[in-house]
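Trainee: No letters, just coordinates:
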């Protein structure tokens with residue numbers, strides 16, 4: 001399934017192949033009830049993402065996406081996995097952003113940054129800042145957006161130097 005960034009809608013992820021997306025949702029929905037532990041987390045994460053993409057055409061699917069990401073959050077917290085928690089917070093924040101709940105999205109992005117700080121997880125800081133920047137951009141806080149984008153870019157340049 002090809003995903004692109006919709007230039008007409010704040011560079012949000014979208015797909016033109018809704019039929020293929022629906023097939024993948026059906027396939028993973030059939031597997032989900034039988035999944036346990038990490039596999040359940042993985043499937044819930046994929047389904048949350050797919051439902052978020054699908055919500056562009058079926059707006060009520062955004063709630064389904066939120067529910068799957070809450071399953072992921074529960075798993076991460078129950079297993080004391082701050083990295084999975086911060087990744088899920090970003091995914092859930094994006095979902096809230098798609099629902100035009102920007103303040104709530106920003107709250108989750110900031111919580112994810114807090115987890116980076118408290119658990120010394122630097123691998124995803126640039127990713128979080130990028131999503132914060134996009135959220136600020138959508139609500140017209142262009143200076144804050146630009147600051148986030150500059151920080152994310154600087155971190156990505158550092159990653160390239162190290163690798």
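Mentor: Structure's in. What do you need? This structure is a prediction, so every number in the text was calculated from the model and none was measured. Numbering: from 1, shown residues only.

Trainee: Same question for residue 122, what's its three-state structure.
Mentor: Using DSSP: H, G, I helix; E, B strand; the rest coil, the structure places residue 122 in coil.

Trainee: so it touches residue 113, yeah?
Mentor: No. Counting by CB atoms under 8 Å, residue 122 does not reach residue 113; the two are 10.9 Å apart. (Glycine included, C-beta is placed from N, CA and C.)

Trainee: biggest helix in this protein, by residue count?
Mentor: In the chain, assigned by DSSP state H, the helix with the most residues is helix 142-162.

Trainee: Residue 122 and residue 113: who's more crowded?
Mentor: Set side by side, residue 122 and residue 113 show more neighbours around residue 113, with 19 against 12, by other CB atoms under 10 Å.

Trainee: what helix or strand does that one sit in?
Mentor: Secondary structure assignment for residue 113, by DSSP states H and E: helix 102-119.

Trainee: Touching that helix from outside, list them.
Mentor: 82-83, 85-87, 89-90, 92-94, 96-97, 121-122, 124-125, 128-129, 131-132, 135-136, 138-139 (CB atoms under 8 Å, 6 or more residues apart in numbering).

Trainee: Put the buried members of those into a ChimeraX selection.
Mentor: Of the contacts of helix 102-119, the buried ones can be selected in ChimeraX as follows, counting by 16 or more other CB atoms under 10 Å:
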select :82,85,86,87,89,90,92,93,94,96,97,121,124,125,128,129,131,132,135,136,138
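
Trainee: The chain: strands as residue ranges?
Mentor: 3-6, 12-15 (DSSP state E).

Trainee: Reformat those strands as CSV; add distance to residue 54.
Mentor: Listed next are the strands of the chain as CSV, based on distance: least, CB to CB, whole Å:
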stretch, distance to residue 54
strand 3-6, 12
strand 12-15, 9
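
Trainee: Kindly reformat those as a markdown table containing distance to residue 72, mean pLDDT and mean neighbour count.
Mentor: Shown next, in a markdown table, are the strands of the chain (distance: least, CB to CB, whole Å; pLDDT from 0 to 100; neighbours: other CB atoms under 10 Å):
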| stretch | distance to residue 72 | mean pLDDT | mean neighbour count |
| --- | --- | --- | --- |
| strand 3-6 | 19 | 86 | 12 |
| strand 12-15 | 18 | 86 | 17 |
